[in-house]
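# Next input, structure requested:
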Amino acid sequence: MDKGVFLTVTVTLSLFTLGTQVTCSSPGLRRVTRAQVLGFDWKNCGQPDDPAVLKTLALSPDPISIPGDLTASASGSTSVELSAPLAVSTLRTLPPQGSYSLPQSDFYLPNMDLPYWLTNGDYRLQGVLGSRGKELGCLKLSLSIHSH
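Here you go, the predicted structure:
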């Protein structure tokens, strides 16, 4: 069964740049008036039997301009009901197992403040969805940010 669902989740991610772990508590923000996100790529990194899997994720244009327009679509599935406590979400319960999708949708990315250490570089991020000590899914992202 396919459900059109848009979820806002809070994700704690490990951020690595040039092999050095960087924490999000670094002080200092920099106003980004123009930036590009290049080389965006993703893959599932969990076990083959993980119950939560991202099946598709598409972002365009390439490169992504900030500020600028972004078109995104995604689909995924879960074979179990996702209920609190979820390690990456403040949601109480995600409806029962099934397939979920974000149809092609347009967004506007405004100017933003970023930590000074996040304004230029190549980044790899990994997010793990877990509940009650069990990994439900894992997603790796890679991208480059070049600000002006």
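
# the longest strand in this structure is where?
strand 134-147 (DSSP state E).

# Give me the buried stretch members for it, please.
Across strand 134-147, burial judged by 16 or more other CB atoms under 10 Å covers 136-141, 143, 145, 147. C-beta coordinates here come from the backbone N, C-alpha and C atoms, glycine included.

# elements contacting that strand?
Applying 3 or more CB pairs under 8 Å, 6 or more residues apart in numbering; DSSP states H and E, one finds that strand 134-147 contacts strand 35-44, strand 52-60, strand 120-131.

# any low-confidence regions in this protein?
Applying pLDDT under 70 to the chain flags the ranges 1-27, 86-95.

# do that again at 50, thanks
Within the chain, the segments meeting pLDDT under 50 span 1-26.

# sorry, back to before: tell me the one among the buried residues of strand 134-147 nearest to Thr56.
Nearest to Thr56 among the buried residues of strand 134-147, counting by CB to CB, is Leu139 at 12.3 Å.

# so who does that closest one touch?
By CB atoms under 8 Å, 6 or more residues apart in numbering, the residues touching Leu139 are 42-45, 54, 126-127, 129.
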